[in-house]
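Undergrad: mind looking at a prediction? Sequence and model below.
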Amino acid sequence: EGKGKKRSPLHDFKKTGELMLIKVNKTLEVKTKLLNTTEQCAKRCSRNKGLSFTCKAFAYDRVTKRCHWLSFNSLTNGVRKKQDHAFDLYEKKDYVRNCIIGKGADYKGTISVTKSGIQCQAWNSMIPHEH
């Protein structure tokens, strides 16, 4: 990063224009609030500030300047995608990327099999290998 430049909170999100997520599963949580910028939405989502759930994504309504924080993303079961010209969807990269960076300590993706198709060992298991 350059000197004196602040890192944008949007850097941690993958943007998909004109898309909204609709929850089919009623247990999934959403919170909305009027905010002027996507940066403000991203900052609050990253910090989980004022949210009773872990924010995995947010949708920003460009028309009403309303932020919709989501406890789910496009990969969550019980969610469907809806084309909507008013919204831009921002998903936390940690939850939608399928690659492991470094030792994978922060990995939150969905891959649970090896390249050869073998089921991965659960983190809470010491069998067949110790951690």
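TA: Yep, that arrived.
Undergrad: what's the average pLDDT for the longest helix belonging to the chain?
TA: Longest helix of the chain, by residue count under DSSP state H: helix 38-47. Mean per-residue pLDDT for helix 38-47: 96.
Undergrad: could you list the residues in contact with it?
TA: 8-10, 12-13, 35, 49-51, 55, 57-58, 60, 67, 69, 88, 90, 92 (C-beta atoms under 8 Å, 6 or more residues apart in numbering). C-betas here are computed from N, CA, C, even on glycine.
Undergrad: just the buried ones from the residues you listed?
TA: Buried subset of the contacts of helix 38-47 (neighbour count, 16 or more other C-beta atoms under 10 Å): 9-10, 13, 35, 51, 55, 57-58, 60, 67, 69, 88, 90, 92.
Undergrad: state the pair within those that is farthest apart.
TA: Spanning the widest gap among the buried ones among the contacts of helix 38-47 are L51 and D88, at 19.4 Å by C-beta to C-beta.
Undergrad: can you list the buried residues in the longest helix of the chain?
TA: Result for helix 38-47 [16+ other C-beta under 10 Å]: buried residues T38, C41, A42, R44, C45, S46.
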